[in-house]
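1. Coordinates only, no sequence provided:
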């Protein structure tokens, strides 16, 4: 909320609720305190939490935590705060679950270097290679910072602290850490860098605080939050001001706060500040959260954003794909995404060993792949995700999910993919299982599939008898890479013939692929020919409408087999789709690389939660699948309930198909001229 909105909200509250809110000791917080003092009522002061975000707040990086204090605010030692009250009175010894959670969070923080902001690079192993002495760190802060003013440290000289560190630690190396905002030029430091004595060594690099602190024995600070992180790592911490973690018996304190009357452990202070005092939310799932989920989510998305750094070169991406692809590759700072059609073009645009290469699907760029191998450049393959959009990709509809694979790509059964590796090795915990169950329930209840193109209509089937099994045979795009690399070029007609021959007594429904039906792709079977091998052809019905009335799915490699599993159907595969050979399907072909049996909840968790990337259609930002499903459900309902909106989408798709047709004609004509 902006400052103006806080002012407006508090002015309205004077005449209504008398619930006043503001931001810490900033102007909005002071105004809220003034309103509370004059008009009575209640007061809430807010601040960022101790684990805030991946990137910086000034860069609008989504926030994971916030603090709401109805007494004071944690960094103001001149008066009580809700945190101080918690640390003075809470019976930590009785709540072993809380301390267990604190210990787990501390362990994750240490292992994955989790700090307030998490975009700084990890300290390189050779950073201190020429220094074998024990190391002492003095942490500087920004000039006139609120935590200095209200932590009773505004008039303490940082230069004097450095001198103390040098004097008290002979034969040690003394390092000075400069605040990142000072290095970026956004703020001034609490020390003139020219005054730093020659005995001290300046660290100006922007590095992850936890990875830096791991190199030190002892820390000197006024009120910096890094002091608490140093305690978490087991360092000795000297406090010249009164930060929230001082005065509880775990720090060497230069000042005394008589209100702080207990001796606590580091785990208890952490539990009070990071768990009881802080509120967490998951911006990628748009729901409330806790500290463990926050850390795990930061780890996941920090890894994605780190993968997206440097210069990225994209090959095989059609012009319309280029418009929607960039949000999937967002980075801490603006990275450079370059689309190329050849190796020569990429090299002219600066392709080098630090670059990364992304290729659409299984498109062949042999010289690019050879060059990447020789230069040790990472190659990733990209394909639509399993929950893609409203309407077809071939209608130039924007994709809301992508699969980005460093080993292969999920539909290529001839090589291992990241998805196959995960299904062989990934450990699915109870939380993921629960999310998997909830996602499956949501998919079934709201009838969501990959494309969500047709309306949900009731289907009536007339069987020979009630015991007759209803089998759904799914048509596919016959020149699709998933058929080439997962079913050895099998055709829709071949599949129909096999099913009819092997199961002549079953009631067979054939559903052609929607891309084939609209004429965008190859794979049409003449109706009179199809009816020789099936009892019914279904076109103008949603996939869920069909899955509701059938008993089993027969497919080469179609995603419908996976969707059938989710809906409790028996699934027969005749190629090797990603979901086959894990003990859940009846498979005509075997894949010896797939060595592990998986339950359905695990398959769904890995395939829909862990493997793909998702974009929130509303914000165009990365998100989790739950957010996308809600947005797709809203869009589906709007499509089905509004004739005007449905007409608009249909017209857009019609125009898209005509544009594609014209492009094909132009390309064909150009190729003909080139041959001449």
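-> Perfect, thanks for sending it. This structure is a prediction, so every number in the text was calculated from the model and none was measured. Residues are numbered from 1 along each chain as shown.

2. just the helices in the stretch 201-350 of the chain please.
-> Using DSSP state H, counting those that start in this stretch, the helices of the stretch 201-350 of the chain run over 209-213, 226-232, 266-270, 291-307, 319-325, 343-348.

3. rank the ones you listed by pLDDT, which is bottom?
-> Note on these: lowest mean pLDDT is at helix 319-325, with a mean of 84.

4. tell me which residues in it are buried?
-> 320, 321, 324, 325 (16 or more other Cβ atoms under 10 Å). Backbone N, C-alpha and C define where each C-beta goes, glycine included.

5. And for the second one, nearest residue in space, chain neighbours not counted?
-> Translated: residue 321. residue 360 (7.1 Å; Cβ to Cβ, 6 or more residues apart in numbering).

6. I'd guessed the one you found sits against residue 382; true?
-> Yes. With contact defined as Cβ atoms under 8 Å, residue 360 counts as touching residue 382 (5.5 Å).

7. Name the residue in the two with the higher neighbour count.
-> Higher neighbour count among residue 360 and residue 382: residue 382, with 23 against 19, using other Cβ atoms under 10 Å.

8. The helix or strand hosting that one to helix 291-307, inter-axis angle?
-> Residue 382 is part of strand 378-384 when elements are defined by DSSP states H and E. Angle, strand 378-384 to helix 291-307, by axes from the mean of the first three to the mean of the last three Cα atoms, to 10 degrees: 110 degrees.

9. how much space between residue 257 and residue 239?
-> Going from residue 257 to residue 239 by Cβ to Cβ, to the nearest Å gives 11 Å.

10. what touches both of the two?
-> residue 246 (Cβ atoms under 8 Å, 6 or more residues apart in numbering).

11. Quick check on these two: which one has the bigger neighbour count.
-> Counted by other Cβ under 10 Å, residue 257 and residue 239 do not tie: residue 239 has more neighbours, with 24 against 15.

12. That one against residue 250, yeah?
-> No. Residue 239 is beyond contact range of residue 250, at 9.9 Å (criterion: Cβ under 8 Å).

13. Skipping adjacent residues, who's closest to residue 156 in space?
-> Spatial nearest neighbour of residue 156, excluding adjacent residues (Cβ to Cβ, 6+ apart): residue 240 at 5.0 Å.

14. Show me what the strand holding residue 382 packs onto, helices and strands only.
-> With contacts defined as 3 or more Cβ pairs under 8 Å, 6 or more residues apart in numbering; DSSP states H and E, strand 378-384 has these neighbours: strand 356-360, helix 366-375, strand 401-405.

15. in its sheet, what does it sit against?
-> strand 356-360 (parallel), strand 401-405 (antiparallel) (DSSP bridges).

16. Quick check: of the buried residues of helix 319-325, which lies closest to residue 476?
-> residue 321 (20.9 Å; Cβ to Cβ).

17. mind checking how far that closest one is from residue 363?
-> 12 Å.

18. chain center to whichever helix or strand residue 509 is part of: distance?
-> For residue 509, the host element (DSSP H and E) is strand 507-511. Centre-to-centre, strand 507-511 and its host chain are 39 Å apart (Cα atoms, centre = their mean, to the nearest Å).

19. per-residue confidence averaged over whichever helix or strand comes after that strand?
-> Per DSSP H and E, the first helix or strand lying C-terminal to strand 507-511 is helix 514-517. Across helix 514-517, pLDDT averages out at 75.

20. And the closest residue to residue 241 other than its chain neighbours, how far from residue 143?
-> Distance criterion Cβ to Cβ, 6+ apart; nearest residue to residue 241, sequence neighbours excluded, is residue 153 at 2.8 Å. Distance from residue 153 to residue 143, counting by Cβ to Cβ: 12 Å.

21. More neighbours: these two, which one.
-> Using other Cβ under 10 Å as the criterion, residue 153 and residue 143 rank with residue 153 on top: 26 against 16.

22. is it fair to say the more buried one lies in a helix?
-> No. Residue 153: not assigned to a helix; according to DSSP: H, G, I helix; E, B strand; the rest coil it is coil.

23. My read is that it contacts residue 224, right?
-> No. Contact criterion Cβ under 8 Å: residue 153 and residue 224 do not qualify, at 9.8 Å.

24. Common neighbours of those two, please.
-> With Cβ under 8 Å, 6+ apart, residue 153 and residue 224 have common neighbours residue 147.

25. Quick one, grab the pLDDT at the closest residue to residue 295 other than its chain neighbours.
-> Nearest residue to residue 295, sequence neighbours excluded (Cβ to Cβ, 6+ apart): residue 108, at 4.7 Å. At residue 108, the pLDDT value in this model is 98.

26. Hmm, residue 114 and residue 108 touching each other?
-> Yes. Judged on Cβ under 8 Å, residue 108 makes contact with residue 114 at a distance of 6.5 Å.

27. between these two, who's got more neighbours?
-> residue 114 (24 against 18).

28. helix/strand/coil for that one?
-> coil.

29. May I have the residues that are in contact with it?
-> Counted by Cβ under 8 Å, 6+ apart, residue 114 has contacts 51, 108, 210, 295, 298, 299.

30. And for residue 318?
-> So residue 318 contacts residue 360 (Cβ under 8 Å, 6+ apart).

31. next one: residue 456
-> Contacts of residue 456 (Cβ under 8 Å, 6+ apart): 447, 541, 542, 544, 545, 640.

32. Columns distance to residue 632 on top of the helices of the stretch 201-350 of the chain, output as CSV?
-> Output for those, formatted as CSV (distance: least, Cβ to Cβ, whole Å):
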stretch, distance to residue 632
helix 209-213, 38
helix 226-232, 40
helix 266-270, 40
helix 291-307, 21
helix 319-325, 15
helix 343-348, 35
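
33. In TSV: the contacts of residue 114, plus distance to residue 537.
-> Shown next, in TSV, are the contacts of residue 114 (distance: Cβ to Cβ, whole Å):
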residue	distance to residue 537
51	56
108	54
210	61
295	52
298	50
299	48
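
34. Quick check: residue 36 is in a strand.
-> No. According to three-state DSSP, the state of residue 36 is helix, so it is not within a strand.

35. OK, contacts around it?
-> So residue 36 contacts 20, 42, 43 (Cβ under 8 Å, 6+ apart).

36. what's the burial count for residue 29?
-> Neighbours around residue 29, by other Cβ under 10 Å: 24.

37. Doesn't it lie inside a helix?
-> Yes. Counting by three-state DSSP, one finds residue 29 located in a helix.
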